[in-house]
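**Q** Structure, please.
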Amino acid sequence: QVHLVESGGGLVQAGGSLRLSCVASGRTFSSGGIGWFRQAPGKEREFVAYITRSGGSTYYADSVKGRFTISRDNAKNTVYLQMNSLTPEDTAVYYCATSSLGYSRSTASYDYWGQGTQVTVSS
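**A** Numbers count the residues shown, from 1 in each chain. Next up is the predicted model:
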């Protein structure tokens with residue numbers, strides 16, 4: 001069992017930045033990859049970024065590539081999502097999730113999910 005808690009969301013103006021955190025407890029955090037997803041009202045949950053167990057490889061959705069950076073600190077059981085140059089299209093609830101199957105953009109590949117943190121970008 002893994003318990004994930006996201007934080008760091010909020011209201012920011014377009015062009016601004018936020019850093020989200022995902023803190024894990026329970027099963028050894030460093031045993032698997034971590035993904036960030038987001039879900040806007042009326043839309044399906046979509047892949048944002050993924051980081052491998054070691055942190056040596058990262059993957060991004062095309063819509064955030066070059067603006068978002070995923071990183072992890074296994075000593076702190078924490079994964080971060082640094083979001084820069086935010087636009088109103090980034091407004092969504094952001095979720096982190098664990099994957100024991102490796103890199104995937106499908107929500108079905110993820111085992112445990114946090115409760116989400118709201119990010120709202122005003123124009």
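
**Q** Write down the beta-bridge partners of the most centrally placed residue in the chain, one by one.
**A** Geometric centre of the chain, nearest residue: residue 36, 2.4 Å, by Cα atoms, centre = their mean. Taking DSSP bridges as the rule, residue 36 bridges to residue 49, residue 96.

**Q** so who does it touch?
**A** 20, 22, 48, 49, 50, 70, 79, 81, 94, 95, 96, 97 (Cβ atoms under 8 Å, 6 or more residues apart in numbering). From N, CA and C alone the C-beta is placed, and that goes for glycine too.

**Q** is it true that the fourth one touches residue 58?
**A** If I follow you right, that is residue 49. Yes. Counting by Cβ atoms under 8 Å, residue 58 is a contact partner of residue 49 at 6.7 Å.

**Q** which residues touch residue 122?
**A** Residue 122 touches 11, 12, 13, 14, 88, counting by Cβ under 8 Å, 6+ apart.

**Q** Stretch 75-92: which residues count as buried?
**A** Within stretch 75-92, the residues that count as buried by 16 or more other Cβ atoms under 10 Å are 77, 78, 79, 80, 81, 83, 86, 90, 91, 92.

**Q** For the last one, give its distance to residue 51.
**A** Note on residue 92: its distance to residue 51, by Cβ to Cβ, to the nearest Å, is 19 Å.

**Q** Repeat that for residue 57.
**A** From residue 57 to residue 51 the distance is 7 Å (Cβ to Cβ).

**Q** Neighbour count for these two, which is higher?
**A** residue 51 (22 against 11; other Cβ atoms under 10 Å).
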